[in-house]
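In: Next one to model:
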Amino acid sequence: MAARSIGSATISFGLVSVPVNLFSSSESTGAISFNMIHAKCGSRLKQQYICAKDGTVVEKDEITKGYEFAKDQYVLFSADEIKALDEKATNAIDIAEFVPLAAVERIYLEKVYYLGAGKGGERAYRLLVAALEVTGRAALGQYSARGKQHLVLVRPMGDILAMEQLHYQAEIRSAADVPRADVPLKDAELALARQLIEQGAVDEFRPENFRDTVRERVLEEIQRKVDGEQISAAPAEAPQTRVIDLMDALKASLAKRGASTVEKMPARRVATNGAKSEEKEIQTKPKKKASGAR
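Out: I've put the predicted structure just below:
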């Protein structure tokens with residue numbers, strides 16, 4: 001199924017304008033949320049706002065917004081005043097400069113969108129993708145949407161463009177604030193640590209090899225409840241004895257990983273030959289209780 005556009009914009013730099021369509025790069029189905037339910041009757045609960053001074057329920061038409069400029073002191077804004085404060089949506093991705101893509105640190109990344117060519121801009125779009133690819137640069141600019149102005153980076157991603165929404169510098173905490181341990185390292189320790197890393201090293205980034213097992217377990221437990229079963233907490237595992245000597249810990253890790261690698265070898269050969277995976281199909285949503293089920 002073709003991706004569905006969530007909006008349109010125009011990439012602008014100099015006198016050049018490239019119409020584009022925005023697409024989400026991720027799904028929001030990963031999160032599992034629970035509703036607030038009245039335990040006595042099973043009905044869903046509604047939220048109410050209570051005045052901290054009077055203790056009375058405040059209706060929506062009696063609510064305004066305020067900014068706390070000092071402890072318990074607020075300056076009030078009407079809905080029209082809040083609307084006037086919002087950044088006007090221009091639908092323009094205004095490019096200010098082109099930076100080396102490798103110079104953008106990953107810590108700034110907040111969210112990613114795909115950009116597809118807009119109507120009438122296919123040639124300019126392809127040209128921008130190719131030019132960014134051959135120069136190794138990305139376009140840094142700003143994009144206003146939903147009352148906010150975002151710092152964005154437009155970069156090539158194969159034969160399309162991706163727009164990365166970045167944190168502003170003021171939103172990034174300094175790594176210098178993280179406490180450091182002034183502990184000298186031994187050459188033998190470093191050699192073992194390198195050996196441990198090389199033992200688990202792979203040549204490709206394969207995120208598909210990992211899945212959210214916590215989400216799978218929660219969905220399975222929800223399905224059990226739907227089917228009429230009761231959930232009981234699993235007994236807590238006894239804490240394992242820790243190896244406090246770093247050298248012993250590294251040696252034990254190497255031995256454990258080596259044994260694990262040997263155990264996995266037959267499974268890898270099967271996958272290479274194209275045999276069907278015996279992996280259990282992942283259930284994405286609990287199914288309703290069948291008629292007549294307990």
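
In: Run through the stretch 151-294 of the chain and note the low-pLDDT ranges.
Out: Where the stretch 151-294 of the chain drops to pLDDT under 70, the residues are 233-236, 239-244, 258-294.

In: in the chain, which spans are strands?
Out: Here the chain has its strands, by DSSP state E, at 7-13, 16-24, 49-50, 57-58, 65-70, 73-77, 92-100, 109-117, 137-145, 148-157, 160-166.

In: averaged over its residues, what pLDDT does the fifth one have?
Out: In this case it means strand 65-70. Strand 65-70 carries an average pLDDT of 92.

In: How far does that strand sit from its chain's centre?
Out: 31 Å (Cα atoms, centre = their mean, to the nearest Å).

In: tell me what it is packed against?
Out: strand 73-77 (3 or more Cβ pairs under 8 Å, 6 or more residues apart in numbering; DSSP states H and E). Where you see a C-beta, it was placed from the backbone N, CA and C, and this is true even at glycine.

In: gap between Met10 and Phe23?
Out: For residue 10 the amino acid is Thr, not Met. 16 Å (Cβ to Cβ, to the nearest Å).

In: What sits closest to the most centrally placed residue in the chain if chain neighbours are left out?
Out: The structure's the chain has its C-alpha centroid closest to Lys111; by Cα atoms, centre = their mean the separation is 7.2 Å. Distance criterion Cβ to Cβ, 6 or more residues apart in numbering; nearest residue to Lys111, sequence neighbours excluded, is Gln165 at 4.2 Å.

In: shouldn't Leu115 be in contact with Val154?
Out: Yes: Leu115 is in contact with Val154 according to Cβ atoms under 8 Å; the separation is 6.9 Å.

In: Check the contact lists of those two and give me the overlap.
Out: Ile11, Leu161, Ala162, Met163 (Cβ atoms under 8 Å, 6 or more residues apart in numbering).

In: so the nearest residue to the second one once chain neighbours are set aside bridges to which residues?
Out: Nearest residue to Leu161 in three dimensions, chain neighbours excluded: Leu115, at 4.1 Å (Cβ to Cβ, 6+ apart). In this entry, Leu115 is beta-bridged to Leu22, Leu161, by DSSP bridges.

In: Give me the neighbour count for Leu115.
Out: Burial of Leu115, expressed as a neighbour count using other Cβ atoms under 10 Å, amounts to 24.

In: which residues does it contact?
Out: Contact analysis of Leu115 by Cβ under 8 Å, 6+ apart lists Ala9, Ile11, Val20, Asn21, Leu22, Phe23, Val154, Ile160, Leu161, Ala162, Met163.
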